[in-house]
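[1] Pasting a predicted model and its sequence here:
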Amino acid sequence: MKKWSVVSLLVIAIMMLGTFAAAPASAAQGADKVRVYVQFAPGAKGNVQNSLNAANAEFHYEFDDLNTFVVSVPVQALNGLQNNPNVVMIEEDVLRFPISVMKSESSAPASAGGQTVPYGVDMVQARDIWDVNRDGNVDSGAPTGAGRKVCIIDSGFYTGHEDLSGINVSGYNGNLPWNVDGDGHGSHVAGTIAAMNNALGVIGVTPGTVQIYVVRVFGDDGAWAYSSTLVDAANRCAAAGANIISMSLGGTLSSNTEKNTFANLFNQGILSIAAAGNDGNTRLSYPASYASVVSVAAIDVNGLVADFSQKNREVDIAAPGVGVLSTVPYIDLSTVSTSNSSFSGGHIEFSARGSASGALVDGGLCDSVGAWSGKVVLCQRGTIAFYDKVINVQNGGGAAAIIYNNVSGGFSGTLGDGNSSTIIGISLSMEDGQALLANSLNTNVTVSSSVTKPASGYEYYDGTSMATPHVSAVAALIWSAKPTATNAQVRDAMYQTAVDLGTAGRDDSYGNGLVQAKAAMDLLLSSGGGGGGSTNMSVADIDASKTLAKASWKATFTVTIKDANGAAVSGAVVNGTVNGSTNVSCTTGSNGQCSVTASAKNTVASISYSVTNVSATGYTYNAAGNSDPDGDSNGTSISIAK
């Protein structure tokens, strides 16, 4: 993606305001302001800061390592900033969201009596490392993730949870305290990574032994944050000594500043892992789609990719993300009680909560209003929407609506955004609904639905948000077996030993396949986990940026080299030409990237760059595989205008 330092006021204003108009109103910091990154030239911080103050800018962050301010500025001030020779780049501070989760079709226990091993723990081979004989005890001397630190950037961490108590956890107290989680997203992620090995609830991929650091960027409403908020959070993870950053979040727009941040963190030895996204299409999500970040897809218990999981060229690996049971900071309990039985179900989202009693009647499909005054009405799923069923019962005078499934098992239901009801609506499995039909019609039943928070609860969730912590925990687990390994070696060991799923070889749905802890650890211990793998390598991205001076300007071209498994190739010599004649070269670092710079007089309108060859020991350059996810080049050549 090109980094623009000189663009017209009209273009940047349209770009910014057009984007923010689709976001919540407060995202634009007022109708006349836009929130942007402003990168300044080395040594020019004071000059640019003075210019921003003169423009009545509101400062949010200063990232000195990136020579960048994050500010909200009046739209009319952009014209002056773009003409400031000390300003290198202005780009939008895009939005980041928690990757949405869906309550699974499975039913969650209100209080998990005894400890359950979620299916994902064994699917990723975690217990094959630390509980080989399956006796429930951690094997003596087994790697457990101890000595590694995972930083979770999310909605917080409920320290009062019975299954998270005892974990070595700390966090950053910014505007949002890290040890509070009114949403539940972050606590669910944390449970998958590190729920304690005790007689309660669930157990994590690491059995309560890995260190956790929490940076909270989402409030109790689970609303959006900014890219700059994520950059700040990631830097705080690094400052806290994190080895791994786990991010079940993302957004559809890339950011050069954010991309550079994660590349820098990779070069510092940190492994960043993020959710591929839940839109069920081929669109890229960021930060997952940056070369320095591992992108995680979601699969179900049968190893099939979830229909909601993003499928694109940047997906690196897959992990369990459907029906994942983990810790949440609340207990959501919906029941139907008869004189001799009790049935647990789910709350129909946006319907009322509380308790109601009445004679149970059969409403069939509840596709019309009946004479149900004071009755609890049993409705079969199908034909019309859940909202219509509940409202028909409400309009018929019913005290509560019970919707049971028309196929085996339970389900999660909703009235839909913006809808509500004054009566309780709950869902039941087909089996429980049929049992009520057979045994309890015309008898008095009680329907109850309540949420208690904060509390030590457990829920089944679906999402790439749930897959991501499996991979983060596996990385910590195998890294603890060989603390001297590099982040690249840990990542490559996971890629090379993943169980191939879907199309043979790496594909857009599963990446390299299902992550396998034991196999990856064995490779890491035996061969270092780096090198090997596919011998083909190609250009995975070319970016261009520019800096202007009074009499000349320069362009910087950054090339990313990856192997066929999507792993960055270190030590690759990239040969190329500038403007078709001048030969240049650079050598990739551990993140697979290197840069070349070319200068020209201000009379030169553009500078072009082309890759002519790539060489590295043990690899073969496959030019036919060159690509560019940003779409600003063909993977081999790029041009940037002054």
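    Structure's in. What do you need?
[2] alpha carbons only for contacts and neighbour counts from here, please
    OK.
[3] Could you check how far the closest residue to Ile299 other than its chain neighbours is from Gly513?
    Of all residues not flanking Ile299 in the chain, Val305 sits nearest, at 4.2 Å (Cα to Cα, 6 or more residues apart in numbering). The gap separating Val305 from Gly513 is 10 Å, by Cα to Cα, to the nearest Å.
[4] So for these two, which sits in the more crowded spot?
    Gly513 (30 against 23; other Cα atoms under 10 Å).
[5] which residues of the protein fall in helices?
    9-21, 45-54, 78-82, 119-123, 127-130, 185-194, 227-239, 256-267, 386-395, 430-439, 464-481, 487-497, 517-527 (DSSP state H).
[6] would you turn the ones you listed into CSV with mean pLDDT, distance to Lys33 and mean neighbour count?
    Output for the helices of the chain, formatted as CSV (pLDDT from 0 to 100; distance: least, Cα to Cα, whole Å; neighbours: other Cα atoms under 10 Å):
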stretch, mean pLDDT, distance to Lys33, mean neighbour count
helix 9-21, 37, 9, 16
helix 45-54, 96, 13, 16
helix 78-82, 89, 10, 19
helix 119-123, 98, 46, 19
helix 127-130, 98, 53, 22
helix 185-194, 97, 31, 30
helix 227-239, 97, 16, 21
helix 256-267, 95, 20, 20
helix 386-395, 98, 40, 23
helix 430-439, 96, 54, 16
helix 464-481, 98, 33, 29
helix 487-497, 96, 40, 25
helix 517-527, 94, 48, 20
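[7] Same list, the ones you listed, but as TSV with distance to Ala401 please.
    Output for these, formatted as TSV (distance: least, Cα to Cα, whole Å):
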stretch	distance to Ala401
helix 9-21	39
helix 45-54	59
helix 78-82	56
helix 119-123	33
helix 127-130	43
helix 185-194	29
helix 227-239	43
helix 256-267	48
helix 386-395	6
helix 430-439	12
helix 464-481	31
helix 487-497	48
helix 517-527	46
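[8] wait, which of those is closest to Gly277?
    For Gly277, the closest of those is helix 464-481, at 6.0 Å, according to Cα to Cα.
[9] Quick one, which of the helices of the chain gets closest to Trp372.
    Per Cα to Cα, nearest to Trp372 of the helices of the chain: helix 386-395, 7.1 Å.
[10] Packing partners of that closest one?
    strand 400-404 (3 or more Cα pairs under 8 Å, 6 or more residues apart in numbering; DSSP states H and E).
[11] residues in contact with the strand it packs on?
    356-357, 375-381, 386, 389-390, 393-394, 410, 423-430, 432-433, 447 (Cα atoms under 8 Å, 6 or more residues apart in numbering).
[12] Ok, which of the helices of the chain comes nearest Gly171?
    helix 227-239 (8.9 Å).
[13] what angle sits between that closest one and helix 256-267?
    Going by axes from the mean of the first three to the mean of the last three Cα atoms, to 10 degrees, helix 227-239 is angled at 10 degrees with respect to helix 256-267.
[14] which residues touch the closest residue to Val87 other than its chain neighbours?
    Closest residue to Val87 apart from its sequence neighbours, by Cα to Cα, 6+ apart: Phe40 at 4.6 Å. Shown in contact with Phe40 (Cα under 8 Å, 6+ apart): 48, 67-68, 86-89.
[15] Looking at these, which is nearest Pro177?
    Of the contacts of Phe40, the one sitting nearest to Pro177 (Cα to Cα) turns out to be Thr68, at 26.1 Å.
[16] What's opposite the closest residue to the closest one other than its chain neighbours in the beta bridge?
    In this structure, Thr68 finds its nearest non-sequential neighbour in Gln39, 4.2 Å apart by Cα to Cα, 6+ apart. According to DSSP bridges, the partner residues bridging Gln39 are Thr68, Met89.
[17] ok, back up a step: could you check how far the residue nearest to Val87 is from Ser72?
    16 Å.
[18] Asn395 contacts Val369, correct?
    Yes - between Asn395 and Val369 there is a contact under Cα atoms under 8 Å: 6.5 Å.
[19] Which per-residue confidence value corresponds to the residue nearest to the spatial centre of the chain?
    The centre of the chain sits closest to Ser248, judged by Cα atoms, centre = their mean, with a distance of 2.6 Å. The model reports Ser248 with a pLDDT of 95.
[20] what do you get for Trp224?
    pLDDT, Trp224: 88.
[21] From what I see, it and Leu95 are in contact.
    Yes - assessed by Cα under 8 Å, Trp224 is found in contact with Leu95 at 6.5 Å.
[22] The two: who's more crowded?
    Set side by side, Trp224 and Leu95 show more neighbours around Leu95, with 22 against 19, by other Cα under 10 Å.
[23] how about low-confidence regions in this structure?
    Under the criterion pLDDT under 70, the flagged ranges of the chain are 1-31, 105-113, 528-534.
[24] can I see the domain layout of it?
    9-93, 102-328+459-527, 331-451, 536-641 (automatic domain parsing).
[25] Pick the most deeply packed of those.
    A comparison of the domains of the chain by mean neighbour count, using mean count of other Cα atoms under 10 Å, puts domain 102-328+459-527 on top with a mean of 23.
[26] pretty sure Ala519 contacts Thr497?
    Yes - here Ala519 reaches Thr497: they are 5.9 Å apart, a contact under Cα under 8 Å.
[27] Tell me where the stretch 501-642 of the chain has strands.
    536-548, 552-563, 573-578, 582-587, 593-601, 606-615, 620-621, 637-641 (DSSP state E, counting those that start in this stretch).
[28] again, but for the stretch 301-450 of the chain
    317-320, 324-328, 331-337, 342-347, 354-362, 376-380, 400-404, 424-428, 444-452.
[29] Could you export the ones you listed to TSV, including columns for distance to Ala297?
    Compiled in TSV, the strands of the stretch 301-450 of the chain are given as follows (distance: least, Cα to Cα, whole Å):
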stretch	distance to Ala297
strand 317-320	5
strand 324-328	14
strand 331-337	28
strand 342-347	27
strand 354-362	38
strand 376-380	34
strand 400-404	31
strand 424-428	29
strand 444-452	31
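[30] Tell me which of the ones you listed approaches Pro483 most closely.
    Taking these one by one with Cα to Cα, strand 317-320 is closest: 22.2 Å.
[31] ok now do the closest residue to Phe308 other than its chain neighbours, which residues does it touch?
    Nearest non-adjacent residue to Phe308, counting by Cα to Cα, 6+ apart: Gly280, 3.9 Å away. Contacts for Gly280 (Cα under 8 Å, 6+ apart) come out as 307-311.
[32] Kindly reformat these as a markdown table containing distance to Val215.
    A markdown table is the format used below for these (distance: Cα to Cα, whole Å):
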| residue | distance to Val215 |
| --- | --- |
| Asp307 | 30 |
| Phe308 | 27 |
| Ser309 | 25 |
| Gln310 | 25 |
| Lys311 | 28 |
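[33] Please identify which of those is nearest to Ser170.
    Among those, Ser309 lies closest to Ser170 (Cα to Cα), at 31.1 Å.
[34] In contact with the residue nearest to Asp316 when sequence neighbours are not counted, which residues?
    Distance criterion Cα to Cα, 6+ apart; nearest residue to Asp316, sequence neighbours excluded, is Gly511 at 4.2 Å. Counting by Cα under 8 Å, 6+ apart, Gly511 touches 297, 314-318, 565.
[35] Next, give phi and psi for the closest residue to Leu525 other than its chain neighbours.
    In this structure, Leu525 finds its nearest non-sequential neighbour in Lys482, 6.7 Å apart by Cα to Cα, 6+ apart. The phi/psi pair for Lys482 (degrees, to the nearest 10) reads phi -140, psi 80.
[36] gap between Lys482 and Leu81?
    Separation of Lys482 from Leu81 (Cα to Cα): 49 Å.
[37] for Tyr461, same thing?
    46 Å.
[38] In this structure Gly346 contacts Ser334, no?
    Yes - using Cα under 8 Å, Gly346 is in contact with Ser334, at 5.6 Å.
[39] Return every residue with contacts to both of the two.
    Shared contacts of Gly346 and Ser334, counting by Cα under 8 Å, 6+ apart, come down to Ile426.
[40] Any idea what Ser246 is bridged to?
    Counting by DSSP bridges, the residues bridging with Ser246 are Ile152, Ile273.
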